[in-house]
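# Using only what follows, build the 3D model:
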Amino acid sequence: MTLPALPITSAWKRFLPALTLVVSMAAVPVASAAPTPPFQEPLAWTTSVPLIAPISDANHNLVSIKDPSVVQYGGFWHVFATVANTAGQWNMVYLEFPTWSQAGSAKQVYLDTANPSLAGYHCAPQVFYFTPQKKWYLIYQSPQPTYSTADDLSKPETWTAPQNFFPSKPAGAPANWIDFWVICDDANAYLFFSGDDGCWYRSQTTLADFPNGFSNPVVVMQTASKFDLFEASCVYHIKGQSEYLAIIECIGSTGRRYFKSFLADSLGGTWTPYHASESDPFAGRANLSFNPLGSPPWSNDISHGELVRDGYDQTLTIDPAGTQFLYQGMDPSTPSGTSYSQLPYRLALLSQSGSGGSGVDPTQTNFPVLPNSFVDISTRCYVGTGSSIGVAGFILKNTSVVLVRASGPSLGALGVANTIAKPQLTINNAAGTPILENVGWQSGMTYLSGTKPDDATGNYKDAYGIDAVSKAVYAFPFTSPDDSAIAVQLPAGLYTAEVKGADGGTGNAIVEVYLYSPNGTLAPENQFSAISTRCYVGTGDSAATVGLILQNPGTVLIRAVGPSLSRYYVSNVLPNPTITLYNSQRLPIQSNTSWQSDPTEAAAIQDATSTVDDFALTYTEDSAMLVTLPAGTYTAIVKDANGQSGNAIVEAYLVPEPVSGQR
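Numbering: from 1, shown residues only. You can find the predicted model right below:
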C-alpha cells in the first residue's frame, strides 16, 4: 500500500534558483522440504559507522576489538568481545551502555585485569543466561572450549576460573577447533564449532548434564574448499517457529568475509541452504549499503559477530522482524599481508533495510519505524560558486529537531577526491532570509537576521548537541573541525540549506539532513517524502549521487533536470542529464536519458509530476523515471550523457496515488 506523501506545493517553485541537495545511501546436505524463509525479502542491510573501537591503557596497547557477543538485560546492552594487542596477544573486554549511541564512550573493562583468573589466552566469547541453573555462562576459546559462570554478568571480577567442557581433546575434533557456540532446546544443549577446514562440527549433552557430558563431535556440513564454510558460526531459534537459523562466516573470491546462512527444523537435524552464496549472502558486500548513502565503504568485510537476540537465555531466540547484527569490520586500506592479529577490527551494527525492529530499541536503529518516507536525505555532489553552490531544501510539517551537515574534509578521509576544504552552511527560512550559519561544526551556530533562541518554545535552540545527535542518528563521524553542522529545533515550515566554500573554495561534498527525536518517536506526518537537489554535476567523483531509503514499497518519481532550469534563470545548465538507479547490491535497475523517449512512460511521468505539484519539464533532454520499488535502499547517480558538466536539479518524490499508465 502506498501511503499519502507529504504535500509538495508551489512553495518549492519559489526556490528553484536556489534549491540544492536534499535528504539522503558444495557438499552440503539438503533437506527434502525447505523451511519457511524467516526474513523479509529481499534480505538487505544498512550498516552504521564503527560504534566501538579498542581503548588502550598503559598495560593494553590494543589494535582491534572483535568477536562480539551481546545481550540486552536490565536496561543495558552488555557486550563481551576479543581484543588483540600489538604483541599479537588475545584476551577479552566487557562493556555496558544503555543505548547504542553511547557504545563508543562506554568504559571497556579488561577481563585479565578485573579477574586475574582470566589472564592469558581467552577469546571469541559468547554469553547467555542458563535458566535451569539460574547462572550466566561465558563461553570462550582457550584454545579448547571453555566456560565461566557468574550470578551477575555486569561484574566481570566475579566470573569463575576457566573450566574445560572436555577432559581431553575428543575423537573427531579437528586440529584447530575454534569459535565455540552453545544453544539449547527443551532437552539438550548443543556445542557447535569450526575448524578452518571447510567442516562445521556439533557435539551435544542433555540439559540435566550441562555443562558436562558432551559427546564426541560429528561433522554437520562439509565443503570442498575451507573458505566456503570457514568459521564464526552462530545458531539461533527463530521466534514463534519450530525453526533454527545458522550463520557461518566464509571468505569470498576476492578475500572479503561474508556470511552464509542455513535453516533447520531441529538443532540435531539437516540444514538447508538459505542465502548461502557470495552473490546471495546472508550478510555481505552484495546486500550491504553504507550510511551515509553514496559514501565509500568503511569496511569490505562482514566478519565475526552476533545477531541481536530477542531475549538473553540459552534458547538464543531472535525476532526476524527488524533483526540487527553486531559485527566486526576493518578499514579497506589496511595493507595486504598484515598479520591477522594486527588487523584493525572495529564493531558496527547492521540493520535490515526497510524494516523496523521488534525486540530492538528502535531509537538506536538507522531508521525509526515510520510511515513510508525517505528516512534521511543525503546527497554527494560538487559545490561550486555563484549559481553552482549547494542548497538543500526540506519541509517540516511540525516543530522538529533537525541535524543539517555539510562534509568536505571528512569526506576526503573516506577516499573521495577533490573535496571542498571549508564548507559554510547557511539555513534560510521560507522567505529566503538567512537565519542560522555555521563554519566549523565545533564552533557553534551563528544567529542571523535577528533570529534568536526561544526559551518558551525551544525553537532555534541546540538543546542536545551536535555530537550527541550525530551519534543517535548514526551520521558518520567528522574527522575534521572544518566540516560544518547545525543541530537545531525549527518550527514548521519550508527551509533551504546553502553550502558554499567559506574561503571561496570549491569541491565535492555530502549534504545531509536528519530528523531527530530524543525518544526516537517522530510524528508520522513529519517525514521527508521528497528530495530536491540543485547542484553542479561534474564527472567522476563529481557526479551527483542521491541516496534513498524506503520504509515501505512505493512509487517514486525521479527526475534530473538541466535544460528546463533555464526557464528559471539558472545558467550553465547540464545539457543532457542521465539517471541510473541502483539497488542495495549496487546493481543498475533502471536508467533514463530522455524523459519523452517512451510515450507511455512520458504520459505517466506527466501525471505523477502533476500529482506531486512539481514544475513541468519543457525539454526532452531532461530525464525522468517512474518506478515502483520494494522497501529498501537505493542510489540514483546523475551525470551528463555526453560527459559534459553543469547545474541540475535532482529530485525524488513519493507518489501518493497509483498513476495511470505507469509500468
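
# pLDDT weak spots in the stretch 1-150 of the chain?
For the stretch 1-150 of the chain, residues meeting the criterion pLDDT under 70 lie at 1-36.

# pLDDT at residue 328, what is it?
If you check residue 328, the pLDDT there is 97.

# Distance-wise, check it relative to residue 342.
Distance of residue 328 to residue 342, computed by Cβ to Cβ, to the nearest Å: 14 Å. Backbone N, C-alpha and C define where each C-beta goes, glycine included.

# So between these two, which is more surrounded?
Neighbour totals were compared for residue 328 and residue 342, and residue 328 leads with 27 against 15 (other Cβ atoms under 10 Å).

# And the contacts of whichever strand or helix holds that one?
Here residue 328 sits within strand 324-329, counting by DSSP states H and E. Residues outside strand 324-329 that contact it (Cβ atoms under 8 Å, 6 or more residues apart in numbering): 45, 47, 50, 64-68, 70, 79, 283, 298-308, 345-352, 357, 360, 365.

# and residue 113, that's in a strand?
No: Residue 113 is assigned helix when assessed by DSSP: H, G, I helix; E, B strand; the rest coil, not a strand.

# I figured it hits residue 59, correct?
Yes: between residue 113 and residue 59 there is a contact at 7.1 Å, judged by Cβ atoms under 8 Å.

# neighbour count winner among the two?
Between residue 113 and residue 59, residue 113 has the larger neighbour count (other Cβ under 10 Å), namely 16 against 9.

# quick one: the strands in the stretch 351-500 of the chain?
377-383, 390-396, 400-407, 423-428, 434-438, 446-447, 484-490, 493-501 (DSSP state E, counting those that start in this stretch).

# Please go through this structure and pick out the longest helix.
Among the segments of the chain that qualify as a helix by DSSP state H, the longest is helix 599-611.

# Tell me which stretches of the stretch 401-550 of the chain form helices.
Assigned by DSSP state H, counting those that start in this stretch, the helices in the stretch 401-550 of the chain fall at 409-413, 466-472.

# before we move on, the earlier item: please identify the deepest-packed of the strands of the stretch 351-500 of the chain.
Counting by mean count of other Cβ atoms under 10 Å, strand 377-383 has the highest mean neighbour count of these, with a mean of 30.

# residue ranges of the strands in the stretch 1-150 of the chain, please?
Under DSSP E, counting those that start in this stretch, the stretch 1-150 of the chain gives strands at 45-47, 62-73, 76-85, 90-97, 109-110, 123-130, 135-141, 145-150.

# can you list the ones you listed in CSV and add distance to residue 629 and mean neighbour count?
Output for the strands of the stretch 1-150 of the chain, formatted as CSV (distance: least, Cβ to Cβ, whole Å; neighbours: other Cβ atoms under 10 Å):
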stretch, distance to residue 629, mean neighbour count
strand 45-47, 15, 25
strand 62-73, 32, 22
strand 76-85, 33, 22
strand 90-97, 35, 22
strand 109-110, 45, 19
strand 123-130, 38, 21
strand 135-141, 42, 22
strand 145-150, 46, 20
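
# how about TSV for those, with distance to residue 582 added?
Listed next are the strands of the stretch 1-150 of the chain as TSV, based on distance: least, Cβ to Cβ, whole Å:
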stretch	distance to residue 582
strand 45-47	14
strand 62-73	30
strand 76-85	33
strand 90-97	35
strand 109-110	43
strand 123-130	36
strand 135-141	40
strand 145-150	44
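
# between those strands, which one is nearest to residue 318?
For the strands of the stretch 1-150 of the chain, the distance to residue 318 is smallest for strand 62-73, at 11.9 Å, taking Cβ to Cβ.

# Report all helices and strands that the closest one contacts.
strand 76-85, strand 123-130, strand 303-307, strand 324-329, strand 346-352 (3 or more Cβ pairs under 8 Å, 6 or more residues apart in numbering; DSSP states H and E).

# can you redo these as JSON lines with distance to residue 489?
As requested, the helices and strands packed on strand 62-73 are exported to JSON lines (distance: least, Cβ to Cβ, whole Å):
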{"stretch": "strand 76-85", "distance to residue 489": "28"}
{"stretch": "strand 123-130", "distance to residue 489": "40"}
{"stretch": "strand 303-307", "distance to residue 489": "36"}
{"stretch": "strand 324-329", "distance to residue 489": "29"}
{"stretch": "strand 346-352", "distance to residue 489": "26"}
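
# Poorly predicted segments of the stretch 501-650 of the chain, please.
519-529, 551-552, 569, 585.

# What segments of it are strands?
Using DSSP E, counting those that start in this stretch, strands in the stretch 501-650 of the chain cover 507-516, 530-537, 544-550, 554-561, 577-582, 588-592, 623-629, 632-640, 646-655.

# Could you say which of those is packed most deeply?
Highest mean neighbour count among the strands of the stretch 501-650 of the chain (mean count of other Cβ under 10 Å): strand 530-537, a mean of 28.

# Strand 544-550 and that one, what's the angle between them?
160 degrees (axes from the mean of the first three to the mean of the last three Cα atoms, to 10 degrees).

# change the start of the numbering to 722 and stick with it
New numbering, starting at 722: the last item is strand 1251-1258.

# Report the distance from strand 1251-1258 to the chain centre.
Strand 1251-1258 sits 23 Å away from the centroid of its parent chain (Cα atoms, centre = their mean, to the nearest Å).

# Give me the helices and strands touching that strand, please.
strand 1098-1104, strand 1111-1117, strand 1265-1271, strand 1353-1361, strand 1367-1376.

# Alpha carbons only: can I get that strand in CSV?
The C-alpha trace of strand 1251-1258 is given here as CSV (Å, rounded to 0.1, in the frame of the first residue of the first chain):
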residue,chain,number,x,y,z
ALA,A,1251,10.6,14.5,-1.4
ILE,A,1252,14.2,15.0,-2.3
SER,A,1253,15.0,18.0,-4.5
THR,A,1254,18.7,18.8,-5.1
ARG,A,1255,20.2,21.5,-7.2
CYS,A,1256,23.9,21.1,-7.6
TYR,A,1257,26.7,21.3,-10.1
VAL,A,1258,27.1,18.0,-11.8
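
# Nearest to residue 934 among the helices of the stretch 1122-1271 of the chain would be which one?
Per Cβ to Cβ, nearest to residue 934 of these: helix 1187-1193, 46.1 Å.

# Which strands or helices does that closest one pack on?
So helix 1187-1193, by 3+ Cβ pairs under 8 Å, 6+ apart, packs with strand 1121-1128, strand 1205-1211, strand 1228-1237.

# for the record, mean pLDDT for the second one?
Translated: strand 1205-1211. 95.

# What pairs with that strand, parallel or antiparallel?
If you go by DSSP bridges, strand 1205-1211 pairs up with strand 1121-1128 (antiparallel).

# Figure out how far the strand it pairs with is from the centre of its chain.
If you compare the mean C-alpha spot of strand 1121-1128 with that of the full chain, they lie 18 Å apart, counting by Cα atoms, centre = their mean.
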